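> how does the following fold in three dimensions:
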Amino acid sequence: MTTPLRSTDSDALSSEAAQVLRKLALNEDLKWRVPEDPLLGPLARKIASRFVAGESLPDAVDRAQQILARGHRVNVEYLGESCRDAQRATAEADVFAEAARLLPPGCSISLDLSHIGLAVDEELVLANASRIAQATRDNNREMIISAEGSDRTDAVLAIHRALCERFEHVGITVQARLHRTAEDLPKLLALPGRIRLVKGAFLEPEDIAYPREAPALTAAYLTYARQLIDSGHLCSIATHDWELLRHIDNHLDGRRHKDAAWEFETLLGLGPDRLDAMAERGHPTREYVVFGTEWWLYVCNRLAEDPQRLLQAVVDAAS
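Next comes the predicted model:
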């Protein structure tokens, strides 16, 4: 007779599965090999379709229009972190500039700086990011710099500061998991541009970041969310955690307005019920949409955030 798993065993197994997925998400070779594999590719695409709008900009435009019709704003990102070729990084920046022109009103643009040259050269990434910033400003939309691993945080913040010297609509993403955020956030509040608060999904040592399941992470997220909201600074509270959403809604204590400085944001495929609930409460809401061919590492991180999603992935792959 098989002995059933105890809850502690199940928790340990889930944590181990999450760690494995985060390690897979660091394997840059897999982002090419999995989608192109004749056996794995079609199955992986079925799993990815829950989280990714499609592989082309028109796919993202179509999905953005659907979300806008539901009454939510949209944040669009073209996937492709850790680009190590200068020519390709510049060509990828062209896609972001085109997205700035073609996406409907109500859409912001997000990007990994390592997608457009951070992994190659500081001057290259600043030139490409400036070009995208100009395109987004010309089309009256926000630009948000996405979070990357802690080994890149100093470089990401330095480019953001440089952009803020010329542009007022360039925002930044901060991770509540990182211990350094306690010191970074007050400095960012002195700069223009929206601040997007996320938990953080990257594989990090405990001396750098709180574990994803730690109560200290919940406490840190709430502290930073309250700090952002009370400051009056433009901010996005990006979470799918019902407990966090309830606490933050209670903190707002009836403060609701469609033009508020804050907004609540969830990722495509993960939190439409959360968005609808917060919109019904009178808060501005936004859904984060990604597109592109380099979706495998992104999907690994989404599954790692909640290993229960592996069960849904099995269902999606078999559908």
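> what does the nearest residue to Cys107 once chain neighbours are set aside show for phi and psi?
Excluding its sequence neighbours, the residue lying closest to Cys107 (Cβ to Cβ, 6 or more residues apart in numbering) is Val74, at 4.4 Å. For every residue, glycine as well, the C-beta is placed using N, CA and C. According to degrees, to the nearest 10, the main-chain angles of Val74 amount to phi -140, psi 140.
> tell me how many other residues crowd Val74.
Per other Cβ atoms under 10 Å, the neighbour tally for Val74 reads 26.
> list the contacts for it?
Ala64, Ile67, Leu68, Leu103, Gly106, Cys107, Ser108, Arg286, Glu287, Tyr288, Val289 (Cβ atoms under 8 Å, 6 or more residues apart in numbering).
> wait, what's in contact with the first one?
Spelled out, that is Ala64. Here Ala64 is in contact with Ala53, Val74, Val76, Leu103, Pro104, Gly106, Cys107, Val289 (Cβ under 8 Å, 6+ apart).
> mind running it again at 7 Å?
Neighbour list for Ala64: Val74, Val76, Leu103, Pro104, Cys107, Val289 [criterion: Cβ atoms under 7 Å, 6 or more residues apart in numbering].
> how much space is there between the residue nearest to it when sequence neighbours are not counted and Ala260?
Distances taken as Cβ to Cβ, 6+ apart put Val74 closest to Ala64, at 4.5 Å, once the chain neighbours are dropped. With distances taken as Cβ to Cβ, to the nearest Å, Val74 is found 17 Å from Ala260.
> cool, Ala201 as well?
Taken as Cβ to Cβ, the span from Ala201 to Ala260 is 27 Å.
> got it, and Gln308?
On the measure of Cβ to Cβ, Gln308 and Ala260 end up 32 Å apart.
> need the CA coordinates for stretch 169-182. CSV is fine.
Extracted as CSV, the C-alpha positions of stretch 169-182 are listed here (Å, rounded to 0.1, in the frame of the first residue of the first chain):
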residue,chain,number,x,y,z
HIS,A,169,7.7,58.8,-18.5
VAL,A,170,10.2,56.0,-18.0
GLY,A,171,9.4,53.7,-15.0
ILE,A,172,11.2,50.9,-13.2
THR,A,173,10.3,47.6,-11.7
VAL,A,174,11.4,46.7,-8.1
GLN,A,175,11.4,43.3,-6.4
ALA,A,176,10.1,43.1,-2.9
ARG,A,177,12.2,39.9,-2.5
LEU,A,178,15.5,41.8,-2.7
HIS,A,179,16.8,43.0,0.6
ARG,A,180,18.4,46.0,-1.2
THR,A,181,14.9,47.3,-2.1
ALA,A,182,14.6,48.9,1.3
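> buried members of the contacts of Val74 into PyMOL, please.
This is the PyMOL syntax for the buried subset of the contacts of Val74, where burial follows 16 or more other Cβ atoms under 10 Å:
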select buried, resi 64+67+68+103+107+108+286+287+288+289
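> could you dump the contacts of Ala64 into TSV and include pLDDT, distance to Asn139 and secondary structure?
Converted to TSV, those look like this (pLDDT from 0 to 100; distance: Cβ to Cβ, whole Å; DSSP: H, G, I helix; E, B strand; the rest coil):
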residue	pLDDT	distance to Asn139	secondary structure
Val74	98	14	strand
Val76	98	12	strand
Leu103	98	8	coil
Pro104	97	10	coil
Cys107	98	9	strand
Val289	98	17	strand
